[in-house]
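# mind folding the following:
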Amino acid sequence: MNAEVWLDGSSLTLGGRDEIEHRALAEAIQTGRARSVYIPVIEAIDQRLMSRFLAKVALEVLTERVIRVEGWNEEIVDNAGVDQLRHFARIGDRPDKWPFSRRRIHGEEDVQLKDGAGYQVLHEFTILCEPLPEPGHLDLYAVVCIFGEEFAINMGEPEIAGYERWLKAHDGKSPLYTSDTLPAPPVFR
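Numbers count the residues shown, from 1 in each chain. The predicted model follows:
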């Protein structure tokens with residue numbers, strides 16, 4: 001029997017892909033029919049290189065969001081709030097590390113159906129703005145999902161605790177979508 005397994009903060013969660021599979025899995029575990037669990041290990045990645053890659057992607061995501069606003073280029077280039085992230089993406093020497101969140105939110109091979117047609121969500125991204133205790137201050141996170149694996153990086157400082165608090169407050173749902181359905185594929189004209 002297949003099951004979905006994901007790391008939810010520091011907890012390992014296991015369940016079915018839908019309610020029927022979830023009930024069948026729970027019954028198999030409770031009755032003892034399922035006596036062993038095979039959990040594939042997420043491949044190790046170079047944390048420093050990955051955080052530099054995510055810093056670069058975060059700057060691209062921010063640019064994509066504001067590119068249609070007049071004066072966007074000067075705002076991105078001259079904004080001191082992203083200088084530390086920009087330096088880390090380019091050089092990578094300070095800080096020594098820039099933490100990020102990593103978790104699987106859907107299967108790499110999952111196929112979604114819309115109007116009878118199948119499609120895969122290969123990548124998606126968004127920006128999450130979270131207010132800080134100081135008035136007028138925000139934590140800005142780039143959230144990127146590649147082949148079902150979600151990564152989040154704080155664009156203002158090398159910490160990820162605020163994102164983890166956001167996930168906990170929202171029952172682990174990704175800011176990419178807060179329903180149980182993945183986004184429909186884009187329509188190209």
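# what's in contact with the host helix or strand of Leu62?
Using DSSP states H and E, Leu62 falls within helix 47-66. By Cβ atoms under 8 Å, 6 or more residues apart in numbering, the surrounding residues in contact with helix 47-66 are 72, 75-76, 82, 85-86, 88-89, 92, 97-100, 125-127, 140, 142, 144, 151, 153, 155. Using the backbone N, CA and C atoms, a C-beta is placed for each residue, glycine as well.
# just stretch 78-90 next, same as before
Against stretch 78-90 from outside (Cβ under 8 Å, 6+ apart): 51-52, 55-56, 58-59, 62, 76, 94-95, 98, 140, 155-158.
# top of those by neighbour count?
Ala58 (29 neighbours; other Cβ atoms under 10 Å).
# kindly report the domain assignment for the protein.
Per automatic domain parsing, the structural domains of the chain span 1-41, 45-189.
# gap between the helix or strand hosting Glu74 and the chain center?
For Glu74, the element it lies in under DSSP H and E is helix 72-78. Centroid displacement of helix 72-78 relative to its chain, using Cα atoms, centre = their mean, to the nearest Å, is 26 Å.
# take the contacts of helix 47-66 and keep only those in helices.
Among these, the subset assigned to helices under DSSP state H consists of 72, 75-76, 85-86, 88-89.
# now the buried members of those residues.
Neighbour counting with 16 or more other Cβ atoms under 10 Å marks 85-86, 88-89 as buried within those.
# ok, back up a step: state the mean pLDDT of the helix holding Glu74.
Confidence for helix 72-78, expressed as mean pLDDT, is 88.
# okay, now the unreliable bits of the chain?
1, 38-42, 178-189 (pLDDT under 70).
# okay, buried residues for stretch 25-43 please.
Applying 16+ other Cβ under 10 Å to stretch 25-43 flags Leu25 as buried.
# what sits up against it?
So stretch 25-43 is contacted by 1, 3, 5, 7, 12, 14-16, 102, 104 (Cβ under 8 Å, 6+ apart).
# so which of these wins on neighbours?
Ala3 (19 neighbours).
# count of neighbours near Ile105?
Ile105: 18 neighbours (other Cβ under 10 Å).
# that one and Trp6 touch, don't they?
Yes: using Cβ atoms under 8 Å as the test, Ile105 is close enough to Trp6 to be in contact (7.2 Å).
# tell me which helix or strand comes right after the helix or strand Leu113 falls within.
Counting by DSSP H and E, the element that carries Leu113 is strand 112-114. Where DSSP H and E defines the elements, the next helix or strand beyond strand 112-114 is strand 117-119.
# list the contacts of the residue nearest the centre of the chain.
In the chain, the centroid-proximal residue (Cα atoms, centre = their mean) is Glu150; its distance is 2.8 Å. Counting by Cβ under 8 Å, 6+ apart, Glu150 makes contact with 101-105, 143-144, 174, 176.
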